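Colleague: With the sequence up front, the predicted model follows.
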Amino acid sequence: MTVQAHSQRTAGLGLLLLLLLQGGGGKASVIKSWRGFGPFPVGKTEYDADPLLAQLPIHEATKNSSLRLISETSSDGFVGWQPFRAANDQGWVQVQFPNVNYNHVVQALNSITAIEFQAWFYASFKVPSARTYYVRCQGVHNFEIAPAHEPATRFHHGDIYSNLDLWTPLSLNTGTYHLRFRLRGRGSAQFRCELRSTSLCNHLVASHSCKVSHPYSSLQRRQVVLLRVTSARHMHQSIAHTSAALSLPCYVAPGQLRRCGLQVYLPKFTPSKLGDACVLLTIEAVDENGASLGISFETALRCRGRLQSFRYSYLDHDSTLVYAAAIAPQDCSTCAGTGGCDFELSLSGVGVTPEGQADAHKYKAQPTQADYSFGYSDRWVICPERPHAHNWEGMGFQTATYAPVMAAASADPAHHPLSFESASAPGTELSTSSGYACNHHWPFSSTKSVLETAIAEHDCTKSAMNMAGKPILIRHGSHDRTVPHLRLNVTYQEFEGQDHWWWDSSLPNDGGVVFDPTVRTFVQTAAEWRHRVRPAQFDVASLNPATFSGLYGVRILNPRRTGRAAHIRVSEGPAKCSFTLEARNVFAFEISAKVGL
């Protein structure tokens, strides 16, 4: 969100607020007695498969209290059921395994990641009469509830970070139930689960037999929520009046987590200080009669100048909430009459925030210049968020291309126009700084072959033909010890004495690795490349249609055999608008009407 001090109009700010209404009910009771089975090793950063499933499912394992299975981390090679109990009335269970010597495991494998473990836990509880319960589990990814020793039919969200009031409503009949989950940790872990009975009608509880034609048609009771601002402060000065209803009605069922929109209008003001918390808002939830629901919190707005980087949030291609940073053009009049300003999509490395990536696009025209110049005079800089290693492979490509789409949808056409061109269009250039070139060559050939096959779609050498003729700039520091620059069979810029990142290429504060004169000139030249004539012959390659967008409007939609590369060679014929297409391993393809041949 951006508050622009130069604006001549009222600034509209949008907030997405997460509300959880418990809807009353009985007192919560924690589960103190547990049984755990493990630990088992963890093989990767994603949520691992069930370590018991190869032997027997968890609901069968709970029947045998003397069950023992092989585990590499245990001192004697076997693990079984162990009792665990909450240490206090709050219900937190501290998980440690006395039969595991993690010091020995780390020394034997020469890896600290060996202390990561996973284990199954379950607890029994009785339901004396059919009724609705709220259930909450903190410190776990998800959990399941089913009659004792019977398989579960669904998973429920856990509060993995233990920072939400996340309750799940369930309708349970009379009987004995098991609450089960797989716990992950590093050497030790903690969790707690609690139940709360309620008198809500069962229409509020999800049921497989209940078909709902409208989100609220089957709710016998519903809670109408409005949001109001009770105070607004800017440097201890009042800048906004309170309001009884600044949001549309938001219907929230008990136990439901939902986003409710709030719009705050601020009059024109000039912040005396730009920062991350220049405007503080106190927000309260009320019902349709204006009565407080007992939910209030503070939130802060950022104040940024027009030529500074700012953040904006949006829903990604998979409907997850992500954010990106951007820098507006210094002078939008330079691209007037062209449909909008172009943009540079700047993709960060691991551990770099979008704001940090955006703020790296700065330079001083002269070393003695007092202030930095951020961004370009005639184009946007857009820096999406994507954490973790190899962050732009696979679905990361979708995240990267969605950022300018959402920025174009929300940009003010009168002040900051932004033109978006499809990723399959010819106006594309590539500049990499300290990029990952290839996998290590020291593993066994068979192991290396399996690894490379699994990630073949990210092997640039197999799809290099898609970049034929496009401007490419690769630069690398000669002292870079983070990413090896060997086996790069291209012409690239090597900066003597520089490491993985540098701020000064030739002169102090000249823009460094991502924004020195060479990069700025390259971007300007590459932007003009879109106007060149399409070649008479070009090749299109795809290893996965989900992550390859095509070239010159030709896109491969489906290969005949998955896991193998698909190719199309397009040759211009002698007659006007005639083309010859030669395809290999292609079942279906498309030609875009917008880009087109």
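Modeller: All right, it came through fine.
Colleague: Just give me the neighbour total for residue 56.
Modeller: 13 (other CB atoms under 10 Å). To be clear about C-beta, it is placed using only N, CA and C from the backbone, and glycine gets the same treatment.
Colleague: Would you mind giving both backbone torsions of it?
Modeller: Main-chain torsions, residue 56, degrees, to the nearest 10: phi -170, psi 150.
Colleague: Which pLDDT value belongs to it?
Modeller: Per-residue confidence at residue 56 stands at 89 (pLDDT).
Colleague: Can you tell me the element the nearest residue to residue 298 once chain neighbours are set aside falls in?
Modeller: Of all residues not flanking residue 298 in the chain, residue 282 sits nearest, at 5.3 Å (CB to CB, 6 or more residues apart in numbering). Here residue 282, judged by DSSP states H and E, is contained in strand 275-286.
Colleague: Averaged pLDDT, the helix or strand just after that strand. What do you get?
Modeller: Downstream of strand 275-286, the next assigned helix or strand under DSSP H and E is strand 292-303. Throughout strand 292-303, pLDDT has a mean value of 75.
Colleague: Just give the nearest non-adjacent residue to residue 117, would you?
Modeller: Nearest non-adjacent residue to residue 117, counting by CB to CB, 6+ apart: residue 39, 3.5 Å away.
Colleague: Neighbours of that neighbour, how many?
Modeller: 29.
Colleague: can you check residue 324 too?
Modeller: Neighbours of residue 324 using other CB under 10 Å come to 27.
Colleague: Now the element after the helix or strand containing it, going C-ward?
Modeller: If you go by DSSP H and E, residue 324 is part of strand 321-327. With elements assigned by DSSP H and E, the helix or strand that comes after strand 321-327 is strand 342-345.
Colleague: By mean pLDDT, point me to the weakest helix or strand of this protein.
Modeller: strand 11-20 (a mean of 34; mean pLDDT, DSSP states H and E).
Colleague: How about the contacts made by the residue nearest to residue 117?
Modeller: Residues in contact with residue 39 (CB atoms under 8 Å, 6 or more residues apart in numbering) are 71, 73, 74, 79, 97, 100, 117, 118, 119.
Colleague: now the angle from the strand holding residue 282 to strand 292-303?
Modeller: 160 degrees (axes from the mean of the first three to the mean of the last three CA atoms, to 10 degrees).
Colleague: What pairs with strand 275-286, parallel or antiparallel?
Modeller: Using DSSP bridges, strand 275-286 pairs in its sheet with strand 223-234 (antiparallel), strand 292-303 (antiparallel).
Colleague: Counting neighbours, which bits of the last one end up buried?
Modeller: Buried residues in strand 292-303, counting neighbours by 16 or more other CB atoms under 10 Å, are found at 295, 299, 301, 302, 303.
Colleague: repeat for stretch 70-85
Modeller: Here stretch 70-85 shows 71, 73, 74, 79, 80, 81, 82, 84 as buried, counting by 16+ other CB under 10 Å.
Colleague: Can you give me the end-to-end span of that stretch?
Modeller: 24 Å (CA to CA, to the nearest Å).
Colleague: export the strand or helix carrying residue 123 as CSV, just CAs?
Modeller: Assigned by DSSP H and E, residue 123 belongs to strand 116-127. These are the backbone C-alpha positions of strand 116-127, laid out as CSV (Å, rounded to 0.1, in the frame of the first residue of the first chain):
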residue,chain,number,x,y,z
GLU,A,116,15.0,-33.3,11.3
PHE,A,117,12.4,-36.0,12.2
GLN,A,118,8.7,-36.9,11.8
ALA,A,119,6.5,-39.0,14.0
TRP,A,120,2.9,-40.1,14.4
PHE,A,121,0.9,-39.0,17.5
TYR,A,122,-2.6,-39.9,18.6
ALA,A,123,-4.9,-39.3,21.5
SER,A,124,-8.3,-40.8,22.5
PHE,A,125,-11.3,-38.9,23.7
LYS,A,126,-14.9,-39.8,24.3
VAL,A,127,-18.0,-38.0,23.1
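Colleague: What's the first helix or strand after it?
Modeller: Criterion used, DSSP H and E; the element after strand 116-127 is strand 131-138.
Colleague: what's the angle between whichever helix or strand comes after that next one and strand 131-138?
Modeller: Downstream of strand 131-138, the next assigned helix or strand under DSSP H and E is strand 142-147. For strand 142-147 against strand 131-138, the angle by the same axes, to 10 degrees is 150 degrees.
Colleague: Buried by neighbour count: which residues of strand 142-147 qualify?
Modeller: 143, 144, 145, 146.
Colleague: so which of the residues you listed comes closest to residue 574?
Modeller: residue 144 (66.4 Å; CB to CB).
Colleague: which element is the residue nearest to the closest one when sequence neighbours are not counted on?
Modeller: Closest residue to residue 144 apart from its sequence neighbours, by CB to CB, 6+ apart: residue 152 at 3.6 Å. For residue 152, there is no helix or strand it lies in under DSSP H and E.
Colleague: Pull up the pairing partners for the strand holding residue 123, direction included.
Modeller: For strand 116-127, pairing defined by DSSP bridges yields strand 33-41 (antiparallel), strand 175-186 (antiparallel).
Colleague: and it, which residues are buried?
Modeller: Buried-residue list, strand 116-127, by 16+ other CB under 10 Å: 116, 117, 118, 119, 120, 121, 122, 123, 125, 127.
Colleague: want to throw those into JSON lines with distance to residue 181 and pLDDT?
Modeller: Below are these laid out as JSON lines (distance: CB to CB, whole Å; pLDDT from 0 to 100):
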{"residue": "116", "distance to residue 181": "17", "pLDDT": "88"}
{"residue": "117", "distance to residue 181": "14", "pLDDT": "90"}
{"residue": "118", "distance to residue 181": "10", "pLDDT": "91"}
{"residue": "119", "distance to residue 181": "10", "pLDDT": "93"}
{"residue": "120", "distance to residue 181": "8", "pLDDT": "95"}
{"residue": "121", "distance to residue 181": "6", "pLDDT": "97"}
{"residue": "122", "distance to residue 181": "8", "pLDDT": "97"}
{"residue": "123", "distance to residue 181": "10", "pLDDT": "96"}
{"residue": "125", "distance to residue 181": "14", "pLDDT": "92"}
{"residue": "127", "distance to residue 181": "19", "pLDDT": "90"}
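Colleague: Closest to residue 324 out of those residues?
Modeller: Relative to residue 324, and with distances defined as CB to CB, the nearest of the buried residues of strand 116-127 is residue 116, at 31.3 Å.
Colleague: how near is the residue lying closest to that closest one once chain neighbours are set aside to residue 109?
Modeller: Closest residue to residue 116 apart from its sequence neighbours, by CB to CB, 6+ apart: residue 42 at 4.1 Å. In this view, residue 42 and residue 109 are 13 Å apart by CB to CB, to the nearest Å.
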